[in-house]
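Student: I'll drop the sequence and a predicted model, then ask my questions.
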Amino acid sequence: VSNVAALSSGTAAIHLALIILNIRSGDEVLVSSFTFSATVNPIIYQGATPVLIDSEPGTWNMDPVLLEAAINDRIRKNKKPKALIIVHLYGMPASLDRLLTIANKYEIPVIEDAAEALGSKYKGKYCGTFGLMGILSFNGNKIITTSGGGALLSANAGYIELARKLAT
């Protein structure tokens, strides 16, 4: 990923990612249940509804089986989720192969919250670089700190250009 927007926080990065994906009131966003509120708050800021997906025992991150069950449940209720936020908790990468396969199957865009996983890799590739957009945080409790700040990453230069415009 060579496109990065430096921002005021990881929360701001998630918020901008949701705006870029046109998440709005009435939409639903799938998100890990085991995370800090800063991952979920931007969903609420947009007036959307978070759909919490529980963890798997091996990684403590989102359970792929429960993810697919939740997607099918929401589709049966005519509420196909508009986005998926995968969190890499405590530097432990989520089960990306399985999660991304499911997201791609249902054509749900993926945002990666790698706020706690700066430097962590999954199969040789850095966390935060698998989804449409990735999030980093430099808050005082993170891997690299600046007492605040965050970043939005994407292979899509247009997303980052729009994030920079919106951030100003």
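Tutor: Yep, that arrived.

Student: just checking, S95 touches T59?
Tutor: Yes. Counting by CB atoms under 8 Å, T59 is a contact partner of S95 at 6.0 Å. Placement of C-beta: from N, CA and C, glycine included.

Student: tell me the contacts of the nearest residue to F34 once chain neighbours are set aside?
Tutor: Closest residue in space to F34, ignoring its immediate chain neighbours: S55 at 4.7 Å, by CB to CB, 6 or more residues apart in numbering. Applying CB atoms under 8 Å, 6 or more residues apart in numbering to S55 gives the contacts S32, S33, F34, N61, M62, D63.

Student: gap between the third one and G26?
Tutor: Looking back up the chat, that one is F34. 26 Å (CB to CB, to the nearest Å).

Student: more neighbours: the two, which one.
Tutor: Neighbour count, other CB atoms under 10 Å: between F34 and G26, F34 has more, with 17 against 11.

Student: which helix or which strand is home to that one?
Tutor: Under the criterion DSSP states H and E, no helix or strand holds F34.

Student: which residues does it contact?
Tutor: Contact analysis of F34 by CB under 8 Å, 6+ apart lists D54, S55, W60, N61, V87, L89.

Student: which among those gets closest to I111?
Tutor: V87 (9.7 Å; CB to CB).

Student: any of the contacts of F34 buried? List them.
Tutor: S55, W60, N61, V87, L89 (16 or more other CB atoms under 10 Å).

Student: so, low pLDDT: which residues of this structure?
Tutor: For the chain, applying pLDDT under 70 flags the ranges 1, 139-147.

Student: for the helix ranked longest in it, packing partners?
Tutor: The longest helix of the chain (DSSP state H) is helix 64-76. In this structure, helix 64-76 makes packing contacts with strand 28-32, strand 49-53, helix 96-105, judged by 3 or more CB pairs under 8 Å, 6 or more residues apart in numbering; DSSP states H and E.

Student: would you say A151 is within a strand?
Tutor: Yes. Under DSSP: H, G, I helix; E, B strand; the rest coil, A151 falls within a strand.

Student: wait, it sits on S9?
Tutor: No. Look at A151 against S9 with CB under 8 Å: they stay out of range, at 9.7 Å.

Student: convert stretch 33-48 to CSV, retaining C-alpha atoms only.
Tutor: Extracted C-alpha coordinates of stretch 33-48, given in CSV (Å, rounded to 0.1, in the frame of the first residue of the first chain):
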residue,chain,number,x,y,z
SER,A,33,-17.4,-7.7,19.3
PHE,A,34,-14.0,-7.9,21.1
THR,A,35,-12.6,-4.5,20.5
PHE,A,36,-12.4,-1.0,21.9
SER,A,37,-15.4,1.3,21.5
ALA,A,38,-13.4,3.4,19.0
THR,A,39,-14.0,0.8,16.4
VAL,A,40,-17.7,0.9,16.8
ASN,A,41,-18.3,4.6,17.5
PRO,A,42,-17.8,5.7,13.9
ILE,A,43,-20.6,3.3,12.8
ILE,A,44,-22.9,5.1,15.2
TYR,A,45,-21.6,8.5,14.0
GLN,A,46,-22.9,7.6,10.6
GLY,A,47,-26.3,6.6,12.0
ALA,A,48,-25.7,3.0,10.9
